[in-house]
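Visitor: everything below, folded, please.
(chains A and B)
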Amino acid sequence: MKNQELANIFYEIADYLTMEDEVFRPLAFKKAAVSLETMKENIEEIYKKGGIPALKEISGVGKNIAEKIEEYLKTGRIKCCEDLKKKTPIDIQELIAVEGLGPKKIKFLYQKLKIKNLKDLEKASKKHEIAPLFGFGEKTEKNILQGIEFLKTSKGRFLLGEILPLVKEIAEKLKNLKQVKKISIAGSVRRMKETIGDVDFLVASNKPAQIMDFFVSLPEVIKIWSKGKTKSSIRLKNGTDMDLRIVPEKSYGAALQYFTGSKEHNIALRKIAMTKGLKLNEYGLFRGSVKIAGENEKEIYKKLGLQWIPAEIRENQGEIEMAQKNNLPKLIEQNDIKGDLHCHSNWSDGENTIEEIAKQAVSQGYEYIGISDHTKFLKIANGLDEKKLAQQKKEIDKINVKCFTPLDAKLSNGARMSNVKCRILQGCEANILKDGSIDIKNETLKKLDFVIAGVHSSFKMPKEQMTERIIKAMQNPFVDIISHLTGRLLKHREEYEIDFDKILACAKETGTILEINANPYRLDLNAQNIRKTKEMGIKMIISSDSHHKEQLNFIEFGVSQARRGWAEKKDIVNTFSLKKLLDFLK
DNA sequence: GCCGTTTTCGGCCCGACTGTTTTCAGTCG
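Guide: Here you go, the predicted structure:
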């Protein structure tokens, strides 16, 4: 999307300007870049509809930047950026990704050693040319080498799902220290972002020294970045960076607010504090030198005239304005979920039997569990054909009678029935073929309790064609749900190109449910798309897409993702009771 | 370069830590 392309260029301009010792113009370009990458509207459409005046409506965009946006949309380039590049011909994005390097040092390295990119940088630091430079030194050189190594081995960010278990484990260890009075996970992990740059722990204590010692000597640590009285920073063997901050109990709430972020949210909050003649920092909310809040996070929001804002939506995406009007949505919660309709059994490529999956569902307190195996086009996943689906239905009926209460059963012989109230439903995850048709006959789809359809092939179609393909699938009267709409695999595969607005319009018209796939590698829809879908009044479903019974727990990530997209209980159909859900599917 | 219920000029969030200095610039979050 052009929004992101433009944002990247503006970040680049900002860095170049910083190298030239500009102070405030870089700020302006960064602000515009943030607006561009976080806004929901497509910049091309805004420009098409309203030209330059419409562009200037965007926060942080004035006359000059609006003209640069126009220039880019018309010509595909921005001259002033190219001029800056000519003046200092370096790969700034690559270099700035190295931890510890900023625009100033990069400029100095270019002037002294003609370092233009990562390769030059690596060569120079290996030849020990960097340490003797004024303002650099042995440690800086070593850090640069390690920074380069890190960039090579990881791409800098980790999936929430990959690290959350370890984060919880370390939090638990810290909690058990007697010097620790309170502990919380803060930062982007608390906000449950799908990928995490680093992990922040916050601790309340009056005796920080021993806690810090404990933290930097955790068995997983391979590198201590810094160790101070109140803040330390480490890297673990798996490559994750973790920060620990220790504050007195009196400041714990303010610090929790501060270190949870996001940065944009905090800046907006501090500005509100200023307009009220107050000052907000990690130690508290102050009027002059008098602290008026600090121990409790809720109190900070209250004194700023705001509802308390759930961490998942602290992105300065309108949540502050809503909180001022006491009008925040009541976000969906983990225990609102009553079932899961996207589970693969060993009939296709799952690990477990239907009965094992169903028992796991019961232990999670679900009212229903949907088995939705792959269908015949996906031969590699052992996809089911019409005949196999019919056999599977018989099997499911049997297990329902054996173990669970069937729907609307007239229990003439109550003693035979288990009192467990969970119902196995049969669906499938059918394939949307290249031409938009479904790989299973309608007469078979008709007999299932529900039908999920998804794209599992030919990902690289042109945008229009892919959009038409999915729309045609939604128009099939038996398709209830579209799975993982954009097909992205975090850190592995880009989204396929679709016209999301067109698909939303069709979902609205056909009453199709869109899936929020909870698999940590997918989390698809993303937060922005969830919010758009909700605003259109289109229903969604949170699905584990599990291939192992333990993976039913993925639902946690899906609920967090839904919360990040402002979804409420009523927006998500698997918060419905079994009866309501079946009526809705009908 | 942007912005305005104090401002069309004069501000732009701000504190901790490192590695280099000899009192602080650069970077980070």
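
Visitor: now do the SS call for residue A:461.
Guide: Reducing the assignment to helix, strand or coil with DSSP: H, G, I helix; E, B strand; the rest coil, the entry for residue A:461 is coil.

Visitor: hmm, residue A:478 is touching residue A:452, no?
Guide: No. Proximity of residue A:478 to residue A:452 does not meet the contact threshold set by C-beta atoms under 8 Å, at 11.0 Å. Where you see a C-beta, it was placed from the backbone N, CA and C, and this is true even at glycine.

Visitor: which one of those two has more residues nearby?
Guide: residue A:452 (25 against 18; other C-beta atoms under 10 Å).

Visitor: tell me the phi and psi of the more buried one?
Guide: Note on residue A:452: its backbone torsions stand at phi -100, psi 140 [degrees, to the nearest 10].

Visitor: these two touch, right, it and residue A:372?
Guide: Yes. Using C-beta under 8 Å, residue A:452 makes contact with residue A:372 at a distance of 5.2 Å.

Visitor: between these two, which contacts overlap?
Guide: Listed as contacting both residue A:452 and residue A:372 by C-beta atoms under 8 Å, 6 or more residues apart in numbering are A:341-342, A:427-429.

Visitor: which residues touch whatever residue of the stretch 351-500 of chain A ends up closest to DNA strand B?
Guide: Scanning the stretch 351-500 of chain A for the residue nearest DNA strand B gives residue A:491, at 18.5 Å (criterion: C-beta to the nearest atom of the strand). By C-beta under 8 Å, 6+ apart, the residues touching residue A:491 are A:155, A:157, A:159, A:195, A:521.

Visitor: which one of these is nearest DNA strand B?
Guide: When those are compared for distance to DNA strand B (C-beta to the nearest atom of the strand), residue A:157 wins out at 11.0 Å.

Visitor: hang on, that closest one packs against residue A:194?
Guide: No. At 9.3 Å, residue A:157 and residue A:194 do not qualify as touching, with contact defined as C-beta under 8 Å.

Visitor: can you lay out the shared contacts of residue A:452 and residue A:372 as CSV showing secondary structure, pLDDT and neighbour count?
Guide: Putting those into CSV (DSSP: H, G, I helix; E, B strand; the rest coil; pLDDT from 0 to 100; neighbours: other C-beta atoms under 10 Å) gives the following:
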residue, secondary structure, pLDDT, neighbour count
A:341, strand, 96, 28
A:342, strand, 96, 29
A:427, strand, 95, 22
A:428, strand, 95, 30
A:429, strand, 94, 30
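
Visitor: one step back: what about the contacts of residue A:491, which are in helices?
Guide: In helices, defined here by DSSP state H, there are no members of the contacts of residue A:491.

Visitor: how about the residues of the stretch 101-250 of chain A by DNA strand B?
Guide: Residues of the stretch 101-250 of chain A found near DNA strand B (C-beta under 7 Å from any atom of the strand) are A:101-106, A:131, A:134-141, A:143, A:187, A:197-198, A:200, A:225-231, A:241, A:243.

Visitor: give the contact list for the residue of the stretch 51-200 of chain A found nearest DNA strand B.
Guide: For the stretch 51-200 of chain A, the residue positioned closest to DNA strand B under C-beta to the nearest atom of the strand is residue A:137, at a distance of 1.6 Å. By C-beta under 8 Å, 6+ apart, the contact list for residue A:137 reads residue A:131.

Visitor: now the helix or strand that contains residue A:105: buried residues?
Guide: When elements are assigned from DSSP states H and E, residue A:105 belongs to helix A:103-113. Neighbour counts over helix A:103-113 (16 or more other C-beta atoms under 10 Å) mark A:103, A:105-110, A:113 as buried.

Visitor: check the offset of it from the chain's centre.
Guide: The chain centre lies 35 Å from the centre of helix A:103-113; the measure is C-alpha atoms, centre = their mean, to the nearest Å.

Visitor: CA atoms of the helix or strand just after it as CSV?
Guide: On the C-terminal side of helix A:103-113, the closest following helix or strand by DSSP H and E is helix A:118-126. Listed in CSV are the C-alpha atoms of helix A:118-126, where the atom choice follows Å, rounded to 0.1, in the frame of the first residue of the first chain:
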residue,chain,number,x,y,z
LEU,A,118,26.0,-2.9,6.4
LYS,A,119,28.9,-4.6,4.5
ASP,A,120,31.2,-1.6,4.8
LEU,A,121,30.3,-1.3,8.4
GLU,A,122,31.1,-5.0,9.1
LYS,A,123,34.4,-4.8,7.3
ALA,A,124,35.5,-1.6,9.1
SER,A,125,34.6,-2.9,12.5
LYS,A,126,36.4,-6.2,11.9
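
Visitor: for the stretch 201-350 of chain A, what spans make up the helices?
Guide: Remark: helices of the stretch 201-350 of chain A, listed N- to C-terminal, are A:208-216, A:252-260, A:263-275, A:297-303, A:319-324; assignment by DSSP state H, counting those that start in this stretch.

Visitor: and these, which is most packed in?
Guide: Counting by mean count of other C-beta atoms under 10 Å, helix A:252-260 has the highest mean neighbour count of the helices of the stretch 201-350 of chain A, with a mean of 24.

Visitor: doesn't residue A:567 make contact with residue A:331?
Guide: Yes. Between residue A:331 and residue A:567 there is a contact under C-beta under 8 Å: 6.9 Å.

Visitor: looking at these two, which one has more neighbours?
Guide: Neighbours were tallied for residue A:331 and for residue A:567 using other C-beta under 10 Å; the higher tally belongs to residue A:567 (25 against 20).

Visitor: what residues are up against that one?
Guide: When the contact criterion is C-beta under 8 Å, 6+ apart, the partners of residue A:567 are A:331-332, A:516, A:530-531, A:534, A:540.

Visitor: quick revisit: of the contacts of residue A:491, which belong to strands?
Guide: Secondary structure from DSSP state E places A:159, A:195 of the contacts of residue A:491 in strands.

Visitor: so what does the helix or strand containing residue A:356 touch, helix or strand wise?
Guide: Using DSSP H and E, residue A:356 sits in helix A:354-363. With contacts defined as 3 or more C-beta pairs under 8 Å, 6 or more residues apart in numbering; DSSP states H and E, the packing partners of helix A:354-363 are strand A:339-343, strand A:368-374, helix A:386-403.

Visitor: now do 10 Å
Guide: The elements that helix A:354-363 packs onto, with contact taken as 3 or more C-beta pairs under 10 Å, 6 or more residues apart in numbering; DSSP states H and E, are strand A:339-343, strand A:368-374, helix A:386-403, strand A:423-431.
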